[in-house]
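Q: Just to be clear, the model below is a prediction. Sequence and coordinates:
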Amino acid sequence: MVSCPLALVISPLGILAVSVVFIVAAIALLRLHAFFALMIAAILTSLLTAAGETDAHRFIGAITAATAEFGNTAGRIGFPIALAAVIGISLMESGSADKIVRRLIAVFGERRAALALAFSAFLLAAPVFIDTVFMLLLPIARAMGVRTGKNYLLYVLAVCAGGVITSGLVPPAPGPLAVAETLKLNLGLTIAAGAVFGVLPVLGGLACARWFNARMPIQPRATPGASLESLAAVAARPESELPDFWLAIAPVLLPFALISMASVLAIPTVHAPARLALVMTFLGDKNVALILGATVAVAVHARQKKIAWRSAGKLLGHPLEMGAMIILIVSAGGAYGEMIKRAGLGAQVRDLAGGHVINYVLLAWTLSAVMRAAQGSATVAMITAAGIVLSVAGPAGFGVHPLYILMAIGFGSKFLSWMNDAGFWMISRVGGLTQGEALRSWTIMSSIMGILGLIEVLIVSSLWPHLTL
């Protein structure tokens, strides 16, 4: 057999370029589903890596390697994402999310309703997929605009500001969960850091929202399927029809609390009774904690709908259908990242750097931002960027704690949400904005939040590069 000439032409950087161009073209131009785009890219990358082999079985092995890594990734993140879907849909359909928003508005006061809406979205976007957050909270934001007769755009953008930041930083949201698994980060530490790092960009987003609201006054308007009368009915819905606040928020707080406690007990300097540590470590496992949260969420849902426990299983169908699609996309992204790593990209990039120090925080943000702008999906941008930056760093590491890399990737995925982003159209249509209004407000605001996040991570990582607990 003659050695394949591709081996002489395509270097690891060339393989990366071919695969990235394929992903962008497949999603943005051919409208291929993200799952197939990423999975085919993983197989393509694996085949190009094996192109110099003279044994035909190596090509079969290359395909098997990609599909096997797809299974490995699904095994790590599939169950948590499915449970998060159950929690999210149950919160929406039981009225729990509506209750949380109303109580927070009552606490903050109507003058700070925008802050309450942003905080509600920030809280709910981790266990609730971001599309569901928009579907759930944007009508509530619009109803607030109808009831108060002012600040319509502010309320809509406030929901968007809070939701998108958490969806990029805090597990079990699919993107950060997948990146945390890729970088082997402690989940409790990741949740806490995502919440802390997200505050400044959300406040920056709110400031932008106020600026746009003052210069782009928009009157409440009907959208397909949501008349102004129906929005008024949403605002007037009596709270007696909603769950109690602590029951409503328990499915969100319980998993976070358990995972965080287990993470604290894992710190070497923390000493606890052995039996307590054993119990909390078990309960704080992400799968166990999310099972408990999902159980509470389904119980509250069944109670509100007056559904017997024997019939409660029917409530799981819709969330699992939603979760399955996310699992497929994230798992395909994991396979692609592993194939890039096997291509030997890291060694070539480090050779080209010629001994110069690579700022991996900036690299991670840039990769994520470019992928987001090019093909639209924030989740695809995150998992693709994570695989590439991990491959470039190699065994030498990033020079900073991997947590900063996750934060940079998350913030990069918020850059330039425009017309190739499904979330852009959801914000426009469900939020009652025209395409031009969304471009002049949301697109600019999301990019500013992504840049603010990058600046924050660069500063903190330069001051405390190696986190020690």
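A: All right, it came through fine. Numbering: from 1, shown residues only.
Q: C-alpha only now, for contacts and for neighbours.
A: Fine.
Q: low-confidence ranges in this protein?
A: The chain contains residues with pLDDT under 70 at 1-9, 52-57, 223-228, 230-236, 269, 350, 353-355, 468-469.
Q: Mind naming the longest helix for this structure?
A: In the chain, taking DSSP state H as the definition, the longest helix is helix 56-94.
Q: Kindly format the C-alpha coordinates of the next helix or strand along the chain from it as PDB.
A: Tracing the chain C-terminally past helix 56-94 and defining elements by DSSP states H and E, one meets helix 96-108 next. Once non-C-alpha atoms are left out, helix 96-108 reads as follows in PDB (Å, rounded to 0.1, in the frame of the first residue of the first chain):
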ATOM      1  CA  SER A  96     -42.900  27.500  40.700                       C
ATOM      2  CA  ALA A  97     -40.700  29.800  38.600                       C
ATOM      3  CA  ASP A  98     -43.600  32.300  38.400                       C
ATOM      4  CA  LYS A  99     -43.800  32.200  42.200                       C
ATOM      5  CA  ILE A 100     -40.000  32.800  42.600                       C
ATOM      6  CA  VAL A 101     -40.100  35.800  40.300                       C
ATOM      7  CA  ARG A 102     -43.100  37.300  42.100                       C
ATOM      8  CA  ARG A 103     -41.500  36.900  45.600                       C
ATOM      9  CA  LEU A 104     -38.200  38.400  44.400                       C
ATOM     10  CA  ILE A 105     -40.100  41.400  42.900                       C
ATOM     11  CA  ALA A 106     -41.900  41.800  46.200                       C
ATOM     12  CA  VAL A 107     -38.600  41.700  48.100                       C
ATOM     13  CA  PHE A 108     -36.700  44.100  45.700                       C
END
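Q: Setting aside sequence neighbours, what's the nearest residue to residue 146?
A: residue 220 (6.0 Å; Cα to Cα, 6 or more residues apart in numbering).
Q: and that neighbour, how many neighbours does it have?
A: The local packing of residue 220 (other Cα atoms under 10 Å) involves 23 other residues.
Q: In which helix or strand does it reside?
A: Using DSSP H and E, no helix or strand contains residue 220.
Q: got the angle for the longest helix of the chain vs helix 96-108?
A: 60 degrees (axes from the mean of the first three to the mean of the last three Cα atoms, to 10 degrees).
Q: Now do the buried residues in helix 56-94.
A: 58-59, 62-63, 65-67, 69-71, 73-74, 76-94 (16 or more other Cα atoms under 10 Å).
Q: What is that helix packed up against?
A: Judged by 3 or more Cα pairs under 8 Å, 6 or more residues apart in numbering; DSSP states H and E, the packing partners of helix 56-94 are helix 34-49, helix 96-108, helix 130-148, helix 174-182, helix 245-265, helix 286-304, helix 317-342.
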